[in-house]
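>>> Model the structure of this input:
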Amino acid sequence: MADIQVQEIKDRLDIVEVLSGYLKLQKAGKNFKANCPFHNEKTPSFMISQERQNWHCFGCGEGGDIFDFVMKMEGLEFVEALKLLAQRAGVVLHHQEKQAPSHRAELLEICELATRFFAKQLQASSNGQKALEYLRSRGLKEKTILEWRLGFAPESWDSLISFLVKKNHSQKNIVGAGLAIEKDGGRGMYDRFRSRIMFPLFDGHGSVVGFAGRIFGAKDDKQGKYINTPQTEIYDKSKMLYGLHNAKTAIRKNDRCLLVEGNMDVIASQQEGFIETVATSGTALTTQQLKIIRRYTNNLILAFDSDSAGFNATKKAVSLAFPEDFAVSIVPLGESKDPADMVKDNPEAWSKKVGQALPFMDFLLERSKKEYDTATAQGKRNLTAEALPFIKKMSNAIERAHWLAKLAGILGVNEKFLHEALSKVVKEKDGSHPALGNNLQAGMKTRGERLQESLAAYILIQKKADQFGPDIEKYCQGPIKEILKVFIVVGQDEKKLFAKLENETEKKLAQRLCFEGEEMVVDQKEAEACLLELKKLNLKKEIGVLSEEIKGREGGKIDREKLTKLQNLLEELNNLESND
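Numbering: from 1, shown residues only. Predicted structure coming up:
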């Protein structure tokens, strides 16, 4: 029954439509391609076949179907991916209630219950009503407050814990969800969030995985204005982008992502129609967050405070974004209010300000010219020291050349001196490594393996198994031989092939070979040439084995039968090479 429902989900969902919710796809012939989300790359090597409903990355070697992608992308177990995709496909799972929830599912349920608890406190408690009035004063509408599921944590040491325990959740799991803190010595625990306006943190599908709490009412000198859920099994702050669950479609459609600093900035901006707005949550911008954004767009607009701390945050963000091939622009806030208040007071003015965002290098150079006197040698030196590290980080050589020329014009120096200075700038290590995976494996393949793969790729795409049937049995080995034998059994139907293959290694290899067959466009003549080379390699191997047997015969006696066979093999090889 489970297999039937899995197939029903696959039949209802199109892999291109589902993956386009995660990645920025480009048409590539009959397939689609994208930058792989599972390893660092600038040239797309991630291929998606709408016809076969599978995917494969030639960079890291990963591949699979729609379930494999969602499991790997979301860090889910199969049952969780099944539930997620079933809901999207409108498929009701049978006997779902009998399945024991995973630990991750229990933590998600705890966070969901906590969200409802905080939302009720915001609407019903006296202190919650005061917090609600504050949110209204910041320009949030009732509908917005409900949609973002905002709440209030009461000034209590254990009200949430008591509520969750009554719902049959263990203290261990409440701590594991980041909602409680164990007392010293392990004697009991207390609520992590107290007297705070609560902002639920959503994953890409809208499930609550954590919280950000803004202090409201009672003060606590030991804790900051904002505190966040700590790292848990379901919440990773280095990958969290607040508001992304709403914003991702708009980011792709508008081909830009507006990154702000606070949760209120995101909510207010999205409320007024700037849906492509997101923020980090409890951390400075990370490479992991940038990789997530890059699935949807390469255009990043930063709207951070213009004070010293905000400018440093901007520079840190840009230093990470440039190596990831982002075009970065800056919304110069100046002495303005934060985005949330600007959007509330004048949405049209905010829209105009975002539309006039400056490329980061223009912003940096204009700011630096005001700070440093470029009429002096020291001023030129300071401005150069400010600008060159960012130019060094640019992944595009043409962009680097453009900004070096512009900087030379500002400084009034020969461009060659800037090239010399640039060569001395030490590029920071970002910890990334080129993908090895399939590329390394490809370099380790024998000639025979490469020939078999080329021939198999042609047979799978051109459906020529009947023509090469006897040769498959004789000249192909291992997984390739098994794949082609199954291909013949299922009547050369690609979908039936992948449904029939049970071995994961064989399934991934078959996926790669299909994509390679489409990319390489091997013709009949090339396929026959591959087969001819395989025949010659096979003959040479047989000749070598037979020669060793004849040499090693005891007493030097000649085995006439083997000698005759050797002569026949040599003659056959000679004929093949003569006709080559």
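>>> only C-alpha atoms for contact and neighbour calcs from this point on.
Fine.
>>> C-alpha coordinates for stretch 345-363, CSV please?
This file holds the C-alpha atoms of stretch 345-363, laid out as CSV (Å, rounded to 0.1, in the frame of the first residue of the first chain):
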residue,chain,number,x,y,z
ASP,A,345,5.2,56.1,7.6
ASN,A,346,5.6,56.2,3.8
PRO,A,347,5.6,53.0,1.7
GLU,A,348,6.0,54.9,-1.5
ALA,A,349,9.1,56.6,-0.3
TRP,A,350,10.5,53.3,0.9
SER,A,351,9.8,51.7,-2.5
LYS,A,352,11.6,54.6,-4.2
LYS,A,353,14.6,54.2,-1.8
VAL,A,354,14.8,50.5,-2.5
GLY,A,355,14.6,51.2,-6.3
GLN,A,356,17.5,53.6,-6.0
ALA,A,357,19.8,51.1,-4.2
LEU,A,358,23.4,51.6,-5.1
PRO,A,359,25.8,48.9,-6.2
PHE,A,360,27.9,48.2,-3.1
MET,A,361,31.2,49.4,-4.7
ASP,A,362,29.6,52.7,-5.6
PHE,A,363,28.3,53.0,-2.1
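>>> For it, give me every contacting residue.
272, 301, 318, 327-332, 339, 342-343, 387, 403 (Cα atoms under 8 Å, 6 or more residues apart in numbering).
>>> For Lys380, the count of nearby residues, please.
Neighbours of Lys380 under the rule other Cα atoms under 10 Å: 21.
>>> List the buried residues of the longest helix anywhere in the chain.
Determined from DSSP state H, the single longest helix within the chain is helix 524-551. Counting neighbours by 16 or more other Cα atoms under 10 Å, one finds that the buried residues in helix 524-551 are 527, 530-539, 543, 546, 550.
>>> Among the residues you listed, show me the least confident.
Across the set of the buried residues of helix 524-551, Ile550 stands lowest in pLDDT, at 76.
>>> That one is in contact with Glu561, isn't it?
No - counting by Cα atoms under 8 Å, Ile550 does not reach Glu561; the two are 10.3 Å apart.
>>> where does the stretch 51-200 of the chain have low pLDDT?
Flagging of the stretch 51-200 of the chain using pLDDT under 70 yields the residue ranges 95-101, 186.
>>> where do the helices sit along it?
Applying DSSP state H, counting those that start in this stretch to the stretch 51-200 of the chain gives helices spanning 66-74, 78-89, 103-124, 126-137, 142-147, 159-166, 171-176.
>>> Could I get those helices in JSON lines, plus columns for mean neighbour count?
Below are the helices of the stretch 51-200 of the chain laid out as JSON lines (neighbours: other Cα atoms under 10 Å):
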{"stretch": "helix 66-74", "mean neighbour count": "18"}
{"stretch": "helix 78-89", "mean neighbour count": "16"}
{"stretch": "helix 103-124", "mean neighbour count": "20"}
{"stretch": "helix 126-137", "mean neighbour count": "17"}
{"stretch": "helix 142-147", "mean neighbour count": "12"}
{"stretch": "helix 159-166", "mean neighbour count": "17"}
{"stretch": "helix 171-176", "mean neighbour count": "18"}
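>>> could those helices go into TSV alongside distance to Val489?
As requested, those are exported to TSV (distance: least, Cα to Cα, whole Å):
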stretch	distance to Val489
helix 66-74	25
helix 78-89	29
helix 103-124	41
helix 126-137	65
helix 142-147	53
helix 159-166	55
helix 171-176	50
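>>> out of these, which comes closest to Thr297?
helix 66-74 (17.7 Å; Cα to Cα).
>>> other SSEs contacting that closest one?
helix 78-89 (3 or more Cα pairs under 8 Å, 6 or more residues apart in numbering; DSSP states H and E).
>>> From the chain's centroid, how far away is the helix it packs on?
19 Å (Cα atoms, centre = their mean, to the nearest Å).
>>> sorry, back to before: next, give me the two most distant ones among the buried residues of helix 524-551.
Ala527 and Ile550 (34.7 Å).
>>> does Gly243 really touch Ala268, like I thought?
No - in this structure, Gly243 is not within contact of Ala268 by Cα under 8 Å, at 11.0 Å.
>>> For Gln191, which residues count as its bridge partners?
Wrong residue type there; residue 191 is Asp, not Gln. Counting by DSSP bridges, Asp191 is bridged to Ala180.
>>> For it, grab the count of nearby residues.
By other Cα under 10 Å, neighbour count at Asp191 equals 22.
>>> who's in contact with it?
Per Cα under 8 Å, 6+ apart, neighbours of Asp191: 156-161, 179-181.
>>> Could you do Ile410 as well?
Thr374.
>>> ok, now with 10 Å
In this structure, Ile410 makes contact with 365, 369, 374, 380, 383, 404, judged by Cα atoms under 10 Å, 6 or more residues apart in numbering.
>>> before we move on, the earlier item: mind checking what helix or strand follows the longest helix of the chain in sequence?
helix 560-578 (DSSP states H and E).
>>> how distant is that following helix from the center of its chain?
That offset, for helix 560-578, works out to 56 Å (Cα atoms, centre = their mean).
>>> what pLDDT, on average, does it get?
Mean predicted lDDT for helix 560-578 stands at 81.
>>> circling back: just give me the closest of the buried residues of helix 524-551 to Tyr22.
Ala527 (36.9 Å).
>>> Sort out which residues of stretch 476-485 are buried, please.
476, 480-481, 483-485.
>>> The longest helix of the chain: how far from the chain's middle?
44 Å.
>>> What's the separation between Asn312 and Leu407?
Distance of Asn312 to Leu407, given as Cα to Cα, to the nearest Å: 21 Å.
>>> Against Ser578, how distant is the spatially closest residue to Arg295 that is not a sequence neighbour?
Leaving aside its chain neighbours, Arg295 sits nearest to Leu23 (4.3 Å; criterion: Cα to Cα, 6 or more residues apart in numbering). Using Cα to Cα, Leu23 is found at 52 Å from Ser578.
>>> Ok, Gly379 next?
From Gly379 to Ser578 the distance is 76 Å (Cα to Cα).
>>> So for these two, which sits in the more crowded spot?
Between Gly379 and Ser578, counted using other Cα under 10 Å, the more crowded position is Gly379 (17 against 8).
>>> for the stretch 401-550 of the chain, what spans make up the helices?
With DSSP H, counting those that start in this stretch as the criterion, the stretch 401-550 of the chain has helices spanning 415-424, 437-444, 447-462, 465-475, 478-489, 494-500, 504-520, 524-551.
>>> Comparing these, which yields the minimum mean pLDDT?
helix 437-444 (a mean of 41).
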